[in-house]
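> just coords:
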């Protein structure tokens with residue numbers, strides 16, 4: 001410490017603070033948000049912490065300083081978190097007769113209110129789906145008010161649950177395979193919900209969940225955030241803290257409802273949906289359980305699913321029971337026809 005320049009002493013102080021925050025973020029997936037609601041925000045920016053720790057490690061390493069051990073230890077202990085953020089290699093196994101493809105996509109009401117200033121957004125989504133041709137399609141924020149713009153004729157079986165009076169919105173599951181049972185899981189004090197469909201694939205019966213958890217209502221556009229800075233400053237910080245805390249608490253409750261519902265299902269399960277939370281969160285850990293994250297199993301790159309400027313947010317997931325072999329995973333960061341991007345996985349039932 002005595003041999004460090006004043007700049008390096010400052011860098012070391014920042015490094016120590018970052019290390020403490022990173023270790024705290026590592027622990028948060030195991031702590032219920034209703035007790036640590038504000039701290040849970042750290043899980044949303046854990047990828048940033050990992051990047052900064054990497055930069056600190058390189059900074060000290062290039063100077064041959066022993067302080068590199070600090071961030072090196074953080075990165076070593078967080079290796080499993082790194083895999084949730086970035087995958088270096090992709091899996092792409094050969095097709096078989098037991099394969100089927102699942103797609104999950106939050107379509108943002110098919111651009112019903114023209115958030116994207118183009119007339120052909122819904123048609124582009126239809127063209128994309130037809131081109132990728134998934135066997136099972138899970139859509140969040142589906143709108144029957146806008147569905148006249150598209151016609152998913154390739155799916156003879158569908159489970160669609162809508163709410164609302166003038167504007168009908170909700171979740172939908174489209175399938176090329178027969179749906180023998182379906183249902184909705186309501187969340188208390190929320191407009192969000194989950195739905196499920198029991199799908200018969202050959203001689204096998206599987207359950208597909210499609211869920212949409214409470215939104216944090218974070219704008220995907222950095223410019224929108226900066227425009228609202230003054231409005232945020234004028235609000236009571238306690239009110240902002242309360243709103244964030246309530247959202248995390250709602251997500252926890254919703255995740256636990258899904259977990260209990262899954263326990264009662266006797267079939268192999270696929271869980272799709274927009275969880276509005278990161279892969280480092282308590283909510284993610286509870287919903288995933290002992291299932292496979294198809295991105296971790298077969299994806300590549302950042303796996304970005306949400307159009308948040310300058311940040312590769314992954315908040316949409318496809319989980320598969322261990323009775324499935326995950327053969328391929330794809331995400332489509334260039335296909336921007338919603339605030340979310342579609343994701344797709346090819347799996348084989350054993």
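That came through fine. Source: prediction; values computed, not measured.

> for the chain, which segments count as strands?
99-106, 136-143, 157-163, 169-175, 179-186, 193-201, 204-212, 269-274, 292-293, 316-320, 324-331, 343-349 (DSSP state E).

> the third one packs against which elements?
Applying 3 or more Cβ pairs under 8 Å, 6 or more residues apart in numbering; DSSP states H and E, we find strand 157-163 packed against strand 169-175, strand 179-186, strand 193-201. C-beta here means a position set from N, CA and C on the backbone, and glycine is covered the same way.

> give me the mean pLDDT for the longest one.
Spelled out, it's strand 193-201. The pLDDT scores in strand 193-201 average 97.

> show me what counts as buried in that strand.
Within strand 193-201, the residues scored as buried using 16 or more other Cβ atoms under 10 Å are 193, 194, 195, 196, 197, 198, 199, 201.

> now find how far off-centre it is within its chain.
19 Å (Cα atoms, centre = their mean, to the nearest Å).

> may I have the strands that pair with it, each with its orientation?
Strand 193-201 has the following sheet partners, assigned by DSSP bridges: strand 179-186 (antiparallel), strand 204-212 (antiparallel).

> run the chain-centre distance for the first one.
Translated: strand 179-186. The answer for strand 179-186 is 22 Å, by Cα atoms, centre = their mean.

> angle of that strand against strand 169-175?
Strand 179-186 runs at 160 degrees relative to strand 169-175, counting by axes from the mean of the first three to the mean of the last three Cα atoms, to 10 degrees.

> distance-wise, check residue 158 relative to residue 269.
19 Å (Cβ to Cβ, to the nearest Å).

> the more surrounded of the two?
residue 269 (19 against 15; other Cβ atoms under 10 Å).

> contacting residues for the more buried one?
206, 207, 208, 209, 262, 291, 319, 320, 321 (Cβ atoms under 8 Å, 6 or more residues apart in numbering).

> for those residues, pick the one with the most neighbours.
Most surrounded of the contacts of residue 269: other Cβ under 10 Å gives residue 319, at 27 neighbours.

> right, and the helices and strands packed on strand 157-163 - which one's nearest residue 29?
Distance to residue 29, taken as Cβ to Cβ, is lowest for strand 193-201 among these, at 20.7 Å.

> could the helices and strands packed on strand 157-163 go into JSON lines alongside distance to residue 113?
Compiled in JSON lines, the helices and strands packed on strand 157-163 are given as follows (distance: least, Cβ to Cβ, whole Å):
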{"stretch": "strand 169-175", "distance to residue 113": "11"}
{"stretch": "strand 179-186", "distance to residue 113": "25"}
{"stretch": "strand 193-201", "distance to residue 113": "21"}
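
> compare those and give me the one nearest residue 138.
Nearest to residue 138 among the helices and strands packed on strand 157-163 is strand 169-175 (5.5 Å), distances taken as Cβ to Cβ.

> can you pull out the helices in the stretch 201-350 of the chain?
For the stretch 201-350 of the chain, helices defined by DSSP state H, counting those that start in this stretch occupy the ranges 222-227, 229-234, 237-263, 282-288, 294-298.
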